[in-house]
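**Student:** Sequence and predicted model, in that order:
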Amino acid sequence: MDREQTGAIAVVVADVFERGSVVPAALLRLGARVTVEPLAAGDYRVPGGVLIERKTVADLHGSLARGRLWAQVGRIRDEAVLPFLLVEGDDLDAGPRHPNAIRGALLAIADLGVAILRTRDPADSALWIHRLALRQARRGTRPELSRGRAKMAPPGIAVLAAVPGISDRTARTLLERFGSVGGVLEAGPERWAEVAGIGSVRAHALASALLNGGEAGGEPLSPACGATAADAG
């Protein structure tokens, strides 16, 4: 058992849906103490306020396309002191979403304060989770970081405000007007330009980033993704 000469033992709780993964078994082989139980947020929990949402590259493409990604990220961000999104797989582009859409989503998630971990395969994922658990164990009785972190923008605001020239306030205005990121996308540039504080120049920048993936010919983001106006409150 890897106690790294400190007596620390890696303790990990895996969500029941991770039973079909080889990650829990790999963690056991590394010497971690692993239990399985239903988790309200994330796929792995480590003492000290760490939550990890694990996604294969295929999962990432699918959850972005179905609009589930932002809710999952929002849950770990709200529940964890240290939230992580672990993306597993060598080729980030091995899926149907445009490369710009995938990278834009990951940048927006990082803006929300959720750290991104990239791993090669389940064995590598287990190594990262084990390392996080050992680090937390070595901290022992240190008090957890305060949950009174600086308030971060909801996911819908973060997606829109990632566009140059679009402030959090303007993003919130768009969400209040159109209801969700999906509603914003469906409204289109002509209706965006009618919103106070947008105008034609910002509408063009927003169209370039959201509808064209940041460059001509890019794949549009899915109207299904994003938070509602209620989420932005």
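**Tutor:** Nice, thanks for sending it over.
**Student:** Work out for me the element Ala207 sits within.
**Tutor:** helix 199-210 (DSSP states H and E).
**Student:** Revised request: answer the last question for Arg135.
**Tutor:** Here Arg135 is assigned to helix 122-139, by DSSP H and E.
**Student:** ok now that helix, how far from the chain's centre?
**Tutor:** 19 Å (Cα atoms, centre = their mean, to the nearest Å).
**Student:** by contact count, what packs against that helix?
**Tutor:** strand 11-14, helix 23-29, strand 44-46, strand 50-56, strand 82-88, strand 115-119 (3 or more Cβ pairs under 8 Å, 6 or more residues apart in numbering; DSSP states H and E). C-beta here means a position set from N, CA and C on the backbone, and glycine is covered the same way.
**Student:** winner for burial among these?
**Tutor:** Across the helices and strands packed on helix 122-139, the average number of neighbours (mean count of other Cβ atoms under 10 Å) peaks for strand 44-46, which reaches a mean of 25.
**Student:** what's that one in contact with?
**Tutor:** 11-15, 18, 23, 39, 51-52, 54, 129, 132-133, 136 (Cβ atoms under 8 Å, 6 or more residues apart in numbering).
**Student:** Farthest-apart pair in the residues you listed, please.
**Tutor:** Spanning the widest gap among the contacts of strand 44-46 are Glu18 and Gln136, at 18.6 Å by Cβ to Cβ.
**Student:** Break the chain into its domains for me.
**Tutor:** As given by automatic domain parsing, the domain ranges for the chain are 11-139, 153-233.
**Student:** By mean pLDDT, show me the worst of these.
**Tutor:** Among the domains of the chain, domain 153-233 has the lowest mean pLDDT, at a mean of 68.
**Student:** quick one: contacts for the nearest residue to Ser200 once chain neighbours are set aside?
**Tutor:** Leaving out its chain neighbours, the residue that sits closest to Ser200 by Cβ to Cβ, 6 or more residues apart in numbering is Ala193, at 4.9 Å. Shown in contact with Ala193 (Cβ under 8 Å, 6+ apart): 199-200, 202-203.
**Student:** now Thr170
**Tutor:** 160-161, 197-198, 202.
**Student:** Could you tell me whether Gly31 really is in a helix?
**Tutor:** No - using DSSP: H, G, I helix; E, B strand; the rest coil, the assignment for Gly31 is coil, not a helix.
**Student:** thinking it is in contact with Ala10, fair?
**Tutor:** Yes - in this structure Gly31 lies within contact range of Ala10 using Cβ atoms under 8 Å: 6.7 Å.
**Student:** More neighbours: those two, which one.
**Tutor:** Ala10 (26 against 14; other Cβ atoms under 10 Å).
**Student:** For burial, what's the neighbour tally of the nearest residue to the more buried one once chain neighbours are set aside?
**Tutor:** Leaving out its chain neighbours, the residue that sits closest to Ala10 by Cβ to Cβ, 6+ apart is Ala133, at 3.5 Å. Neighbours of Ala133 under the rule other Cβ under 10 Å: 28.
**Student:** how about Ala133, what does it touch?
**Tutor:** For Ala133, the contact set (Cβ under 8 Å, 6+ apart) comprises 10-12, 32, 46-47, 50.
**Student:** How much space separates it from Ala32?
**Tutor:** Separation of Ala133 from Ala32 (Cβ to Cβ, to the nearest Å): 6 Å.
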